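Asks: whatever this is, show me its structure:
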Amino acid sequence: MIYYLTSERNAGVMQAFLGTWGHSLVRRIAIVSYERLIAEKHFRLPSGTYIFTSIGQSLGTRDPPSPARQWAIRLHAALIEQLGPARVLNDPSHSLRRFGLLRALGEADLNRFQVHRAGDGAADMRFPVFLRHEYGTVWNAPALLATREAYETELTRTDNAGLLAIEYCDTRDAHGIYRKYGCFVVGERIVPRHLFLSRNWLSWRPIRTPRPCSGLAGWRTSPTVASIMLCSTAPRRSGRSTSPRRSSRVRARILPTATRRMKSSRPHLQQQWLPSTRRAREGSMTEIEIRPMHADDRDRVVEVLACWGMAPVAASAACPDPERSGLEIGRTFVAVAQGRIVGVASFVLLSDRLAVTESLAVDPDWIGMGVGEKLHLTRLAALRALSIEKVRTEADRPETIAWYVKHFGCRVTGTVPKKHAFGLPDVPDWTVLELDLMPGAIGENENR
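Replies: The predicted model follows:
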């Protein structure tokens, strides 16, 4: 049995996985929250494999360690004594987070770039750089700041607390393609996970192909993987990784993923896998059909929702009231283009006058093609046909909130806390928007 230790707030990540791709593992993985274990002063954990997660901000400060972190460190030590280190993964006392890891990789010469605390006045900073927060997830590529002047100007416009400046490392090949490997490192074993190809330097999702990825064939012997192993297993002195100098081919960016160039001898991957600018233009001229969801659409619909962290989560003891537990056939619409589902939107009736919209998601390759607008207008028309007078929407992305306000006349009425990690994992609250759906009330905004 695998015991997945996490905070209650972040339990939704594994719940979403078990509710979709990992459904076959439901009987082999148990989610256990730190809060539950701390509340139960006398507990006994059975034999199995334990994975410590949410060991960053969720456990409080590191130096000095918070009471919650001290408790987790004692639990970690007790489990190792009972089960051995091979069955206890991730150490809450010193596992590196984003800044520490990137710093160690740079100082060990495994990365060709370095990370800095924003505003620390580092004289050796190499440009261009981009800014991002130490914690959380970035979904859109940050601006590249090409000069120190541009960097310092940007700092005057931004709250620098928790902000990192990371040197940009250009790894494009002759075709302008970025290639990114991802793997899990468990002890001395490397488990391949994915190969991403993209024209965007920030690549965070797989671009699927109908056949297996042949690029993983030489995984275990690649210099990139060798550098990962060196960094993950090398002895530490003063918090640094020590290892031989990296191969010139290494493009490690952050464990457990790494980026390296795509060989130009495989140009067929460029057209087959990537949403190039030319394909985007072609997509904008493609007819988009909006229709009700069918039962056999579910797998693809969940796939699209999962791209944005919004896949339905099955109710469980750890999460009895999930944010989204399913999709109702009669109240869910899909967008179809080129014979493939590229978007989804649904709604739920709260009363005979009030409804809430849910699960509006568009395949990232089709962003900017008008798919979201068509889906939202379709469900608004369906709600108006049901004589619904008020529509409520919950969103967590600033650009989405602004989109609802600008184009549909929605007004922000407040916030409500999320039940668990869902959507943007580092945003704890939903922004609530409302729209009066009376005849003619949204016509001007609908037609822009």
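
Asks: mean confidence for the lengthiest helix in the chain?
Replies: Using DSSP state H to define each element, the chain has its longest helix at helix 67-83. Average pLDDT, helix 67-83: 93.

Asks: please enumerate the helices of this protein.
Replies: 11-19, 34-39, 67-83, 98-107, 148-156, 223-233, 268-273, 277-284, 298-306, 371-385, 398-408, 443-447.

Asks: same list, these, but as JSON lines with distance to C183 and mean neighbour count please.
Replies: Any C-beta I mention is one placed from the backbone N, CA and C, and that applies to glycine too. Shown next, in JSON lines, are these (distance: least, CB to CB, whole Å; neighbours: other CB atoms under 10 Å):
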{"stretch": "helix 11-19", "distance to C183": "17", "mean neighbour count": "23"}
{"stretch": "helix 34-39", "distance to C183": "27", "mean neighbour count": "15"}
{"stretch": "helix 67-83", "distance to C183": "24", "mean neighbour count": "16"}
{"stretch": "helix 98-107", "distance to C183": "15", "mean neighbour count": "19"}
{"stretch": "helix 148-156", "distance to C183": "33", "mean neighbour count": "14"}
{"stretch": "helix 223-233", "distance to C183": "7", "mean neighbour count": "19"}
{"stretch": "helix 268-273", "distance to C183": "19", "mean neighbour count": "14"}
{"stretch": "helix 277-284", "distance to C183": "28", "mean neighbour count": "12"}
{"stretch": "helix 298-306", "distance to C183": "20", "mean neighbour count": "18"}
{"stretch": "helix 371-385", "distance to C183": "33", "mean neighbour count": "18"}
{"stretch": "helix 398-408", "distance to C183": "32", "mean neighbour count": "15"}
{"stretch": "helix 443-447", "distance to C183": "47", "mean neighbour count": "11"}
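
Asks: if you average pLDDT over each of these, which is lowest?
Replies: Lowest mean pLDDT of the helices of the chain: helix 268-273, a mean of 30.

Asks: how about low-confidence regions in the protein?
Replies: Where the chain drops to pLDDT under 70, the residues are 41-43, 137-140, 187, 204-286, 438-448.

Asks: domain parsing for it?
Replies: Here the domain parsing of the chain from automatic domain parsing is 2-89, 114-167, 178-273, 277-447.

Asks: to L96, which of the ones you listed lies closest?
Replies: Nearest to L96 among these is domain 178-273; the distance by CB to CB comes to 8.1 Å.

Asks: for the domains of the chain, please prepare TSV with the additional fields distance to R97.
Replies: Formatted as TSV, the domains of the chain follow (distance: least, CB to CB, whole Å):
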stretch	distance to R97
domain 2-89	5
domain 114-167	7
domain 178-273	10
domain 277-447	13
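
Asks: to A108, which of these lies closest?
Replies: With CB to CB as the criterion, A108 lies closest to domain 178-273 of the domains of the chain, at 4.3 Å.

Asks: closest to L437 out of the helices of the chain?
Replies: Between L437 and the helices of the chain, the shortest separation by CB to CB is 5.7 Å, and it involves helix 371-385.

Asks: which residue packs closest to Y34, ignoring adjacent ones?
Replies: S7 (5.6 Å; CB to CB, 6 or more residues apart in numbering).

Asks: surely the one you found meets F52?
Replies: No: if you go by CB atoms under 8 Å, S7 and F52 don't touch, sitting 10.9 Å apart.

Asks: more neighbours, these two?
Replies: F52 (22 against 19; other CB atoms under 10 Å).

Asks: residues in contact with that one?
Replies: F52 is in contact with 5, 72, 76, 88-92, 95, counting by CB atoms under 8 Å, 6 or more residues apart in numbering.

Asks: quick check: V412 vs G19, distance?
Replies: 30 Å (CB to CB, to the nearest Å).

Asks: and what of L386?
Replies: Taking CB to CB as the measure, L386 falls 29 Å from G19.

Asks: ok, R36 next?
Replies: Taking CB to CB, one finds R36 at 20 Å from G19.

Asks: repeat that for A174.
Replies: For A174, the distance to G19 (CB to CB) stands at 42 Å.

Asks: for H376, same thing?
Replies: Look at H376 and G19: by CB to CB, they are 25 Å apart.

Asks: can you check P92 too?
Replies: Counting by CB to CB, the gap from P92 to G19 is 27 Å.

Asks: beta partners of I290?
Replies: Applying DSSP bridges to I290 gives these bridge partners: A335.

Asks: give the burial count for F184, as a bare number.
Replies: Neighbour count of F184, defined by other CB under 10 Å: 12.

Asks: the chain should start at 471 in everything you say after this.
Replies: With 471 as the first residue, the last one maps to F654.

Asks: could you give the number of residues near the closest residue to it other than its chain neighbours?
Replies: Excluding the flanking residues, the one nearest F654 by CB to CB, 6+ apart is V661, at 4.3 Å. Per other CB under 10 Å, the neighbour tally for V661 reads 10.

Asks: same thing with N581?
Replies: Neighbours of N581 (other CB under 10 Å): 26.

Asks: wait, doesn't it sit right on R573?
Replies: No: N581 is beyond contact range of R573, at 9.4 Å (criterion: CB under 8 Å).

Asks: gap between the residue nearest to L797 when sequence neighbours are not counted and V558?
Replies: Excluding its sequence neighbours, the residue lying closest to L797 (CB to CB, 6+ apart) is S816, at 5.8 Å. Applying CB to CB, the value for S816 to V558 is 41 Å.

Asks: more neighbours, the two?
Replies: S816 (25 against 22).

Asks: the more buried one contacts T802, correct?
Replies: Yes: between S816 and T802 there is a contact at 3.9 Å, judged by CB under 8 Å.

Asks: what sits in contact with each of these two?
Replies: Applying CB under 8 Å, 6+ apart, one finds that S816 and T802 are jointly contacted by 763, 829.
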